[in-house]
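K.L.:
All I have is the shape, not the residue letters:
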């Protein structure tokens, strides 16, 4: 049987995830082309398409062991290509990474479009939800 955790513990884990990453308010979300690196310790890969400064309170309140995107995350593209993965970084340290798809595509993070065809194009994160295991 898999380990199961109470909602209280899962909410606390989700809250700790958010506060541990952006305690100084200097986390950034990078959106890149290509496959997700093997793990967070691996070097960045792909072309950097866009960077978003993560707000101090970047995820909503934990509920049922999950936290979702808070506010609006929008930026302009710095390069062209197809968005395929993201990393949440503080300096050179990756704290989280995952897949990117267009809205409705099932990625870990979804954008209004994954086709970045012009520098300066608006890039908007439409969905990001962190769900803790152990339900």
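P.N.:
Great, that's in hand. On a predicted model such as this, the values are computed, not experimentally measured, just so you know. Numbers count the residues shown, from 1 in each chain.

K.L.:
Low-confidence ranges, this protein, go.
P.N.:
1 (pLDDT under 70).

K.L.:
could you pull out the helices for the chain?
P.N.:
With DSSP state H as the criterion, the chain has helices at 7-21.

K.L.:
At which residues are the strands of the protein located?
P.N.:
27-32, 48-53, 66-68, 73-76, 81-82, 85-90, 93-102, 109-111, 115-116, 122-131 (DSSP state E).

K.L.:
Can you tell me which of these is most buried?
P.N.:
Between those, strand 109-111 has the highest mean count of neighbours, a mean of 24, where neighbours are mean count of other CB atoms under 10 Å. From N, CA and C alone the C-beta is placed, and that goes for glycine too.

K.L.:
For that one, report the contacting residues that lie outside it.
P.N.:
With CB atoms under 8 Å, 6 or more residues apart in numbering as the test, strand 109-111 has contacts from 31, 83, 86, 98-104, 123-128.

K.L.:
which of the residues you listed lies closest to residue 39?
P.N.:
Among the contacts of strand 109-111, residue 98 lies closest to residue 39 (CB to CB), at 11.7 Å.

K.L.:
one step back: okay if I get the strands of the chain as JSON lines plus distance to residue 39?
P.N.:
As requested, the strands of the chain are exported to JSON lines (distance: least, CB to CB, whole Å):
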{"stretch": "strand 27-32", "distance to residue 39": "15"}
{"stretch": "strand 48-53", "distance to residue 39": "19"}
{"stretch": "strand 66-68", "distance to residue 39": "22"}
{"stretch": "strand 73-76", "distance to residue 39": "24"}
{"stretch": "strand 81-82", "distance to residue 39": "22"}
{"stretch": "strand 85-90", "distance to residue 39": "11"}
{"stretch": "strand 93-102", "distance to residue 39": "8"}
{"stretch": "strand 109-111", "distance to residue 39": "17"}
{"stretch": "strand 115-116", "distance to residue 39": "25"}
{"stretch": "strand 122-131", "distance to residue 39": "17"}
